[in-house]
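Chemist: With the sequence up front, the predicted model follows.
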Amino acid sequence: MKATGNKVTIQFINSRMEILESKGYGKTKWIEFCEKMNENGFSCYLYEAKRTLSKYITVKNGNKELKVRFSNHKPIKSRELNNDCDFFVGVTNTGVRTTEDAIEFIMENIR
């Protein structure tokens, strides 16, 4: 079942890791990102797109929040240019951005 705003806790991550490992996969980048955010005291919430593999992580710190999209495909160009998300991870219409770039962006913009 796809997440629709689930808080990403250690228990949630562990349950997702069990599923991934049972299928022969390792830890995904969005999980690594959420772990790093949790380590820094931020709250993360996951929304999984209905028709794609995209993951949208909302990172909250007090009354501030930013949305990061992890995807294996380019976003719709108009959505990207209109700032549908605060940060896109992956191949975009304007370049390639990594999980590390997203972590740096959050650390600089949410405190």
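Modeler: Happy to help now that I have it. Everything numeric in this text was worked out from a predicted model, so none of it was measured.

Chemist: where exactly do the strands run in this structure?
Modeler: Counting by DSSP state E, the chain has strands at residues 4-7, 43-48, 55-61, 64-70, 87-91, 96-97.

Chemist: Adding mean pLDDT, write these out as TSV.
Modeler: Below are the strands of the chain laid out as TSV (pLDDT from 0 to 100):
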stretch	mean pLDDT
strand 4-7	93
strand 43-48	97
strand 55-61	97
strand 64-70	97
strand 87-91	94
strand 96-97	94
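
Chemist: need the ones you listed in TSV with distance to Ser22 and mean neighbour count, can you?
Modeler: Heads up, the C-betas are built off the backbone N, CA and C, glycines and all. What follows is the strands of the chain, written out as TSV (distance: least, Cβ to Cβ, whole Å; neighbours: other Cβ atoms under 10 Å):
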stretch	distance to Ser22	mean neighbour count
strand 4-7	19	12
strand 43-48	18	19
strand 55-61	19	20
strand 64-70	21	19
strand 87-91	25	21
strand 96-97	30	14
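
Chemist: Reformat these as JSON lines; add distance to Lys36.
Modeler: What follows is the strands of the chain, written out as JSON lines (distance: least, Cβ to Cβ, whole Å):
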{"stretch": "strand 4-7", "distance to Lys36": "16"}
{"stretch": "strand 43-48", "distance to Lys36": "10"}
{"stretch": "strand 55-61", "distance to Lys36": "10"}
{"stretch": "strand 64-70", "distance to Lys36": "11"}
{"stretch": "strand 87-91", "distance to Lys36": "13"}
{"stretch": "strand 96-97", "distance to Lys36": "15"}
